[in-house]
Every structure is written in structure tokens, then in C-alpha cells.
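Peer 1: give me coordinates for this.
(one chain, ligands or ions: 1)
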Amino acid sequence: MLRRAMEYCPPVPHPPPSRLGFLELLIRLRRNPLECWSADFFQQPTVKLRLPFTDVFVVHDPHAIKRVLMDNWRNYPKDTIQRRILSSGLADGLLSVDGERWDVQRRTLAPIFARRTVTSFTMPMLVAANELSAKWATMGSSATLDVAAEMTLVTLNVLALTIFSDGIGGDLDEFRMAMNAYFSVIGRIGALDLLGVPKFVPRPGHRRLRATMAYFETVIDRIVGTRCRGRAVPVDGPADLLTLLLRSPDPSTGRQLSLSEIRSNILTFLSAGHETTANTLAWSIFLLSQSPEWRSRVVAEAERELSNPDDDLAERLIVTKAVIEEALRLYPPIAALSRTALKADRLGDLAVGAGSLIVIAPYVLHRHRGLWSRPDAFDPSRFLPEVRGAIPRFAYLPFGVGPRTCIGASFALQEATIVLAVLMRDFEMRLLPHADVQPLQRITLRPAHGLPMAISRRSAQ
Ligand code: HEM
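Peer 2: Numbering: from 1, shown residues only. Alright, predicted model coming up:
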């Protein structure tokens with residue numbers, strides 16, 4: 001009882017008590033889609049809505065989720081809104097392609113993200129975490145920083161070190177600024193998208209987006225060109241993702257990815273793996289700043305395990321990983337997934353017409369009253385190995401599920417675990433008193449006003 005009274009429930013927008021009208025829905029979708037979920041969505045398994053242009057099924061019934069994302073997944077391709085929001089400009093990458101092209105790319109890329117390859121990236125992940133720690137250590141005894149922005153630096157650095165181990169070959173800051181510009185344009189759901197206005201009708205900011213894409217392509221082409229002449233990859237090339245991409249044949253046909261597919265996939269990994277993991281880290285640090293109990297457990301584990309940095313390091317950081325998984329539950333970086341029904345289907349008792357829009361929102365699912373106890377409370381113990389198996393399989397989907405599940409899930413979990421452990425071992429991080437921390441859904445779910453914190457070295461205390 002006492003424990004419950006002390007439980008920390010982190011900030012979220014207060015759900016409107018009743019459904020929103022269409023105009024209010026449009027306004028809130030543009031401002032912050034999290035504000036659209038009225039209280040009933042957190043209680044009902046599946047909700048059918050009629051919008052002017054289509055029926056929408058908001059699906060949080062585990063059986064129906066299984067049908068849409070696994071059993072009948074070919075009937076539910078990504079819809080145009082998700083395609084535009086998540087993958088603008090990444091036309092040939094795994095996130096965007098469908099049908100036969102997706103089959104080939106997924107088969108070809110799967111071994112690159114297999115467990116053994118990912119654990120071999122422990123060292124570059126540690127290098128990036130230690131570089132950030134060394135930078136913070138030079139900043140004096142009580143520096144103040146936007147920790148959310150710092151996390152985007154470290155995750156971009158991890159990707160730079162694991163994709164191109166010999167560096168981006170230019171200015172990492174310039175690349176990061178281009179990434180920020182890219183995300184600020186693609187992250188907004190506008191009325192033109194909701195009303196199904198075709199792609200050729202210009203959206204605000206999209207001219208700038210084309211210039212940013214051209215910049216990325218030039219940088220990546222220069223790196224690929226330096227690494228290999230034509231398709232000849234040096235046999236002693238570095239053991240990084242670029243080498244794996246250049247070498248990987250499709251296991252079924254032996255065909256290699258084209259240079260354009262390689263370029264799109266590098267860009268896809270950079271954009272799909274950068275902000276998502278950065279926000280996971282930012283939310284984990286924020287949640288730990290509010291919980292002395294979990295903070296000291298993570299610090300004790302980090303001090304014990306980081307002294308032995310083998311490839312299995314992340315697997316030994318059990319408490320740290322539980323905190324990250326709880327942060328992914330409360331603030332899932334991809335807060336909503338959407339699909340279109342190609343043909344008519346049934347989801348339980350409901351008939352779904354061809355062309356209907358299906359929305360599955362991890363943000364709602366993870367706080368669903370019918371699936372979780374104390375859904376709004378921060379409690380990483382739900383994810384400790386002895387009880388984790390009790391979480392229903394389709395109740396927790398930070399990485400999606402089924403054939404189109406996130407290919408980088410183990411990469412992201414390993415990276416976030418290692419970086420969080422290093423920073424918690426080395427620093428005390430306190431939220432500034434005036435900080436107003438609120439989640440905002442753009443392309444990813446991030447703290448709306450950053451995460452201003454006072455940082456001081458733990459060894460110096
Ligand atoms: C915490 C970090 C991450 C989260 C929360 C996340 C989440 C997701 C989700 C929810 C999907 C499925 C979307 C859908 O079904 O519509 C997805 C797909 C994908 N993710 Fe991640 N992701 C993360 C990190 C990464 C990383 C590090 C990479 C690569 C380096 C990556 C690459 C991809 C790709 C390529 C896909 C498309 C897979 C396909 O369609 O076959 N992600 N991610």
C-alpha cells in the first residue's frame with residue numbers, strides 16, 4: 001500500500017474525457033498527436049471511427065494486433081501517412097519498400113543485424129559512450145546541459161562508428177544538423193496527409209527536405225566511393241556495417257544490393273536508429289532522475305559490470321536493461337503504427353472494409369487499463385527476467401511485431417544499455433528545478449522542451 005502511494009507516475013497529456021470532433025482532432029494531431037487519445041481508447045480493445053474519407057480502426061486487442069501485424073500481415077501494408085512520416089526520401093530502403101523488394105532486402109539485411117554481429121559492436125558503442133563521458137568530464141563541477149540533445153550526439157556517433165568505422169569523413173556536426181533539419185520537416189502530420197492529398201502536392205518545408213537529402217546522398221556516395229572502386233570491396237575492409245552491406249548477398253538468389261539500395265539503407269539506419277535510440281536514453285535518464293531507488297541499483301550494476309567489457313556486457317546489465325524497457329513502455333519512441341487494409345477482413349466481431357485505416361498505438365497499448373497493472377507508474381521490475389515472461393506478447397510493442405518488426409531492435413537495446421550504464425556510472429544528473437518535461441510526438445516521442453539537467457562527476461562527489 002505504502003509502495004503504491006510512493007509510486008512515481010511520469011508526465012503525459014491528460015486524456016480528454018470524451019472523443020474529439022474532427023476539427024479539434026486535426027488541431028491536436030498537428031500540435032501533439034498524444035493529446036488526441038481520449039480516456040476510452042485506454043479502456044476499449046478496438047475502437048471504430050468514421051472519418052470523412054475512411055473508416056479508422058484503433059486496435060489494441062492482442063488478438064486483432066496479431067492478425068494485422070502477423071497472421072494476415074500481407075493484407076495490411078504500411079499506409080501512406082506512415083510511409084510519408086517515417087520514410088520520406090528513403091524510397092529504396094527497408095523501411096519503405098514493399099512486396100518482393102521488401103522480401104529480398106529483409107533476407108539480405110537480416111544477417112547484418114543478427115545477435116552475433118550486434119554483440120561484436122559492443123566496443124564501438126562503449127567508445128562512443130566513453131567519448132561523451134570524457135567530454136562531459138571537461139565541463140566543470142556542475143554544468144547544465146540539454147541531455148536530450150546530447151543523446152542525439154551519442155547515438156549518431158554510435159551509428160557513425162558502426163556503419164563507417166573509418167569516420168564520416170567530414171563534419172559530424174554538419175551531418176547532425178542536417179539530420180535535425182530532416183526530422184523537423186518529416187515529423188508533422190498535416191491536414192493534407194490526413195485528407196489523403198496526393199504526394200505531388202507540395203507540403204510545407206519539402207523543398208528544404210530535398211536539399212537535405214541531396215547533401216546526405218553526396219556524403220554517403222563519397223564514403224562508399226572511397227571504400228571501394230565499383231563493387232570491389234577490399235578483402236581486409238573494416239568490420240563495420242558498410243562492409244557487411246557491400247558484401248551481403250541475398251541468401252536465396254545470391255544477388256547483391258544495388259548501390260542505390262545500399263545508400264538508401266544507410267540513410268534508413270541513420271534515420272530509423274538515431275532519434276529513436278536517443279529518445280529512449282533521454283527518457284531513461286529522466287525517469288532515473290525521479291527515482292533514487294532505481295538510480296542506485298543501476299549505478300551499482302554499472303560499477304560492477306563495466307569493468308569487464310566483453311561482447312556479452314549488455315546481457316549482464318540486467319537492471320539497466322529493465323529501466324530501458326520500462327522507458328520504452330511509458331514513452332515508446334514510435335508512438336503509433338498505421339496500416340491500410342487491402343482487402344476486407346474481420347478483426348474479432350468487427351468487419352473491416354477494404355481501404356480502412358488501422359492504427360495500433362504503442363503509447364496507448366502500453367498504458368492500456370485492460371492489459372497492465374498500474375499502467376502509468378514507473379516500475380522497471382516488470383521487466384526483470386524472473387517476471388518478464390508474464391507480459392502478454394502483444395501488449396508490449398516498442399519495436400513492432402511480425403515480419404516488419406524493427407530489424408535494429410537488439411542493436412538499439414544493446415546500445416542504450418551500454419550508454420546508460422556508462423553515463424550513470426560516471427555522472428550524477430539532476431533535472432533543473434524549472435524544467436517542464438512533457439512528451440511530444442513528432443516523428444519520435446521526445447521531451448517537448450529538451451531535458452535540461454545539472455551534471456556532475458560521480459567520482460568528484
Ligand atoms: C529504441 C530504438 C528503436 C525503436 C523504438 C524502433 C522502433 C521501430 C518500429 C516500431 C518499427 C516497425 C514499424 C512498423 O511496423 O510500422 C521499426 C522498423 C524498423 N527499424 Fe527500428 N527502432 C529503433 C531502432 C532502430 C535501429 C537502431 C535501427 C537500425 C540501425 C532500426 C531500423 C529499422 C528498420 C530498417 C525498420 C524497418 C523494418 C522493416 O520494415 O522490415 N531501428 N523500428
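
Peer 1: what residues of the strand or helix carrying residue 224 count as buried?
Peer 2: Following DSSP states H and E, the helix or strand that holds residue 224 is helix 206-227. If you call a residue buried by 16 or more other C-beta atoms under 10 Å, then helix 206-227 has these buried ones: 209, 212, 213, 215, 216, 217, 219, 220, 223, 224, 227. For the C-beta atoms, the positions are set from N, CA and C on the backbone; glycine is no exception.

Peer 1: show me where the stretch 201-350 of the chain has its helices.
Peer 2: For the stretch 201-350 of the chain, helices defined by DSSP state H, counting those that start in this stretch occupy the ranges 206-227, 241-247, 259-289, 292-305, 313-316, 318-330.

Peer 1: is the ligand within reach of the longest one?
Peer 2: Yes - under the criterion of C-beta under 6 Å from any ligand atom, helix 259-289 makes contact with the ligand via 268, 269, 272, 273, 276, 277, 280.

Peer 1: for the third one, which non-adjacent residue is spatially closest?
Peer 2: It refers to residue 272. Closest residue to residue 272 apart from its sequence neighbours, by C-beta to C-beta, 6 or more residues apart in numbering: residue 95 at 5.8 Å.

Peer 1: tell me the phi and psi of the one you found?
Peer 2: phi -60, psi -30 (degrees, to the nearest 10).

Peer 1: does it really touch residue 270, like I thought?
Peer 2: No - here residue 95 does not reach residue 270: they are 11.3 Å apart, not a contact under C-beta atoms under 8 Å.

Peer 1: wait, isn't residue 273 in contact with residue 156?
Peer 2: No - between residue 273 and residue 156 there is no contact under C-beta under 8 Å: 9.3 Å.

Peer 1: what's near enough to touch residue 39?
Peer 2: 15, 16, 17, 18 (C-beta atoms under 8 Å, 6 or more residues apart in numbering).

Peer 1: from the ligand, how far out is residue 344?
Peer 2: From residue 344 across to the ligand, the span is 22 Å (C-beta to the nearest ligand atom, to the nearest Å).

Peer 1: just residue 211 next, same as before
Peer 2: From residue 211 to the ligand the distance is 24 Å (C-beta to the nearest ligand atom).

Peer 1: repeat that for residue 100.
Peer 2: For residue 100, the distance to the ligand - C-beta to the nearest ligand atom - is 14 Å.

Peer 1: interface residues of this structure facing the ligand?
Peer 2: Counting by C-beta under 6 Å from any ligand atom, the residues of the chain near the ligand are 78, 94-95, 106, 268-269, 272-273, 276-277, 280, 333-334, 337, 398-400, 404, 406-408, 411-412.

Peer 1: now a PyMOL select for only the buried ones of those residues.
Peer 2: This is the PyMOL syntax for the buried subset of those, where burial follows 16+ other C-beta under 10 Å:
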select buried, resi 78+94+95+268+269+272+273+276+277+280+333+334+337+398+399+404+406+407+408+411+412
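
Peer 1: chain center to stretch 97-117: distance?
Peer 2: 18 Å (C-alpha atoms, centre = their mean, to the nearest Å).

Peer 1: now stretch 281-293
Peer 2: On C-alpha atoms, centre = their mean, the centre of stretch 281-293 falls 18 Å from that of its chain.

Peer 1: ok, now stretch 363-383?
Peer 2: That offset, for stretch 363-383, works out to 19 Å (C-alpha atoms, centre = their mean).

Peer 1: tell me how far the ends of that stretch are from each other?
Peer 2: End-to-end distance for stretch 363-383, by C-alpha to C-alpha, to the nearest Å: 17 Å.

Peer 1: where do the strands sit along the stretch 101-250 of the chain?
Peer 2: 143-146 (DSSP state E, counting those that start in this stretch).

Peer 1: isn't residue 157 right next to residue 173, touching?
Peer 2: No - counting by C-beta under 8 Å, residue 157 sits too far from residue 173 to count as a contact (11.0 Å).

Peer 1: these two: who's more crowded?
Peer 2: residue 157 (21 against 10; other C-beta atoms under 10 Å).

Peer 1: count of residues packed around the residue lying closest to that one once chain neighbours are set aside?
Peer 2: Distances taken as C-beta to C-beta, 6+ apart put residue 128 closest to residue 157, at 4.3 Å, once the chain neighbours are dropped. Neighbourhood size, residue 128 [other C-beta under 10 Å]: 24.

Peer 1: return the distance of residue 128 relative to residue 30.
Peer 2: Distance from residue 128 to residue 30, counting by C-beta to C-beta, to the nearest Å: 35 Å.

Peer 1: residue ranges in the stretch 151-300 of the chain under the pLDDT threshold?
Peer 2: 169-171, 183-207, 229-237 (pLDDT under 70).

Peer 1: please repeat the previous calculation with a cut-off of 90.
Peer 2: Low-confidence segments of the stretch 151-300 of the chain (pLDDT under 90): 156, 160, 164-240, 242-268, 270-272, 274-275.
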